[in-house]
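Asks: Next come a sequence and a model predicted from it.
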Amino acid sequence: MSIEGQLCQLEGQPGPARGAASRDPLDLELMKKVEEFAGVRRSLPFDVIVWRSQNYYYTMLQNVFPEQVERALRGDAAAQEWTKHFVALGAEPGNESDYQ
């Protein structure tokens, strides 16, 4: 299936269908795939409803991001990489945050 198809399928599913993200919000490979999906979403000739993704991003911003920033500031390379990708994802239209 194309990335475009995966994006539409992912966004259209209820929470459990996106369970990988909720099981491990620190999964860097999944974060990179979501970033890729977000980039594809911008290029589609139609709007993709992303409110579920926005809500999940906000939840992670409140509950996961602060600890990752602390770990990154202490020199944790994995946390630095995760934080870099999370902030980039937050810069996507619809996910803007104060941490850009």
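Replies: Nice, I can see it. Numbers count the residues shown, from 1 in each chain.
Asks: from here on, contacts and neighbour counts on C-alpha atoms
Replies: Noted.
Asks: which stretches of this structure have low pLDDT?
Replies: By pLDDT under 70, the weakly predicted segments of the chain are 1-23, 93-100.
Asks: rerun at 90
Replies: For the chain, the stretches flagged by pLDDT under 90 are 1-59, 88-100.
Asks: In it, which helix is the longest?
Replies: Assignment by DSSP state H gives helix 28-43 as the longest helix of the chain.
Asks: packing partners for that one?
Replies: helix 3-12, helix 77-90 (3 or more C-alpha pairs under 8 Å, 6 or more residues apart in numbering; DSSP states H and E).
Asks: Let's see that with 10 Å instead.
Replies: With contacts taken as 3 or more C-alpha pairs under 10 Å, 6 or more residues apart in numbering; DSSP states H and E, helix 28-43 sits against helix 3-12, helix 19-23, helix 77-90.
Asks: Give me the buried positions along it.
Replies: Under the neighbour-count criterion of 16 or more other C-alpha atoms under 10 Å, helix 28-43 has Leu28, Met31, Lys32, Val34, Glu35, Phe37, Ala38, Arg41 buried.
Asks: what's the span of stretch 47-55, first residue to last?
Replies: Chord length of stretch 47-55, first to last residue, is 17 Å (C-alpha to C-alpha, to the nearest Å).
Asks: Over to stretch 35-54?
Replies: Length of stretch 35-54, first residue to last, C-alpha to C-alpha: 13 Å.
Asks: same deal with stretch 43-53?
Replies: Using C-alpha to C-alpha, one end of stretch 43-53 lies 18 Å from the other.
Asks: re earlier: what's downstream of the longest helix of the chain, the next helix or strand?
Replies: Using DSSP states H and E, the helix or strand that follows helix 28-43 in sequence is helix 51-63.
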